[in-house]
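[1] okay, here's the prediction I keep looking at, along with the sequence it came from:
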Amino acid sequence: MTNKVVKAIKKLSDSDVINYLIENPDFFVRHPEQLESLQVCNTNGKVTSLVNHQVNVLKDRNKQIKAKLYQLITNAAENEKIMSQVFELTLQLSQISHVANVTKHFGRFVKASFDCDLFRIVMPVYDNLDSNAHVLCVEQKIEKTFFEVFREFLGNNVPISGRLKKEKLAFVFGNKAEKIGSTVILPIGKNASKGLLVFASFDENRFNPEISTDLLSRLTQILDRKFNKTFSPAMLRNVQES
């Protein structure tokens with residue numbers, strides 16, 4: 001190699017090399033042995049060969065894919081289990097007529113089947129049914145307050161989830177509302193005419209707006225069929241029109 005050639009090579013800049021490789025994308029196809037001499041920095045900042053780096057990248061991706069696949073299989077199995085329990089709940093509730101027994105049985109099911117810190121059924125007052133840990137009976141004298149707090153459900157039959165205002169949470173959960181990080185509220189009946197089903201978690205990421213609520217909506221459909229009493233039609237109409 002002549003001195004002129006050596007000097008020319010020494011004058012090559014990074015951009016010269018990059019441009020050459022762009023113009024000759026088959027360079028390493030023609031010279032595969034050169035790949036072994038290339039060096040890069042890994043995620044820890046250490047210098048390693050390109051070949052080893054690519055091998056490690058593929059291993060990491062493989063681990064991620066396996067983890068996602070495992071999570072999908074686990075979720076599918078869990079959903080299948082819960083759906084089976086929901087079906088069993090439907091059969092059991094079909095044999096129960098008294099609303100107090102319906103809510104009691106439903107409460108046991110939710111505690112056993114769902115990972116949530118708090119939940120409550122908000123509904124109109126029924127005879128022989130009092131508010132308890134899992135049921136909030138809304139008396140007619142506070143219906144107006146109820147509908148002012150949960151106005152967005154009127155004319156909009158979709159669940160609301162995420163970090164909700166403490167005003168709403170305090171209405172349902174009292175002083176426990178301060179600890180709540182995330183919530184999902186589902187209407188029971190059209191325009192929440194038969195009440196609300198409220199799930200709450202102390203974890204602010206548990207019920208985020210992106211989660212699927214299909215399974216929880218099935219539960220409201222079950223309650224809708226079992227409850228035959230609604231909030232006063234006049235109050236519903238007045239709040240909708242205001």
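    Thanks, I have it.
[2] distance check, the residue found closest to E204 once you drop the neighbours it is linked to in the chain against Q221.
    Distances taken as CB to CB, 6 or more residues apart in numbering place G181 nearest to E204, at 3.2 Å, with adjacent residues excluded. Every residue, glycine included, has its C-beta placed from N, CA and C. Distance, G181 to Q221, by CB to CB, to the nearest Å: 27 Å.
[3] ok, now which ones touch the most centrally placed residue in the chain?
    Note on the chain: the residue nearest the mean C-alpha position is I211, at 2.4 Å, using CA atoms, centre = their mean. I211 makes contact with S161, V184, according to CB atoms under 8 Å, 6 or more residues apart in numbering.
[4] for T220, helix, strand, or coil?
    Classification of T220 by DSSP: H, G, I helix; E, B strand; the rest coil places it in helix.
[5] who touches it in this structure?
    L186, P187, I188, L197.
[6] can you pull the pLDDT of it?
    Here, the pLDDT recorded for T220 equals 89.
[7] cool, and L216?
    Here the pLDDT value assigned to L216 is 84.
[8] now the host helix or strand of it: buried residues?
    L216 is part of helix 214-226 when elements are defined by DSSP states H and E. Under the neighbour-count criterion of 16 or more other CB atoms under 10 Å, helix 214-226 has L216, S217, R218, L219, T220, I222, L223, D224, K226 buried.
[9] ok, the fourth one to S161 distance?
    When you say that, I think you mean L219. 14 Å.
[10] related to what we said a few turns ago, so which pair among the contacts of T220 is furthest apart in space?
    P187 and L197 (8.0 Å; CB to CB).
[11] ok, V198 touching F119?
    Yes: using CB atoms under 8 Å, V198 is in contact with F119, at 6.3 Å.
[12] contact partners for L164?
    L164 makes contact with T183, I185, according to CB under 8 Å, 6+ apart.
[13] cool, the one 3 residues further on as well?
    In this structure, E167 makes contact with V149, judged by CB under 8 Å, 6+ apart.
[14] pretty sure it is in a helix, no?
    Yes: the assignment for E167 by three-state DSSP puts it in a helix.
[15] pLDDT at it, what is it?
    We have a pLDDT of 79 for E167.
[16] over to F119?
    90.
[17] and stretch 29-43, what's its mean pLDDT?
    Stretch 29-43 comes out at a mean pLDDT of 77.
[18] ok, and what's touching that stretch?
    Stretch 29-43 has contacts (CB under 8 Å, 6+ apart) with F27, F28, V47, T48, S49, L50, V51, H53, N56.
[19] then it to CSV, C-alphas only?
    Provided in CSV are the C-alpha atoms of stretch 29-43 (Å, rounded to 0.1, in the frame of the first residue of the first chain):
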residue,chain,number,x,y,z
VAL,A,29,-22.8,-9.1,1.8
ARG,A,30,-19.7,-9.0,-0.3
HIS,A,31,-17.4,-8.9,2.8
PRO,A,32,-19.3,-10.7,5.6
GLU,A,33,-16.0,-11.4,7.5
GLN,A,34,-15.8,-7.6,8.2
LEU,A,35,-18.9,-7.8,10.5
GLU,A,36,-16.9,-9.7,13.1
SER,A,37,-14.5,-6.8,13.5
LEU,A,38,-17.2,-4.1,14.1
GLN,A,39,-17.7,-2.8,17.6
VAL,A,40,-20.7,-1.1,19.2
CYS,A,41,-21.8,0.0,22.7
ASN,A,42,-24.4,-2.1,24.4
THR,A,43,-27.1,-0.8,26.7
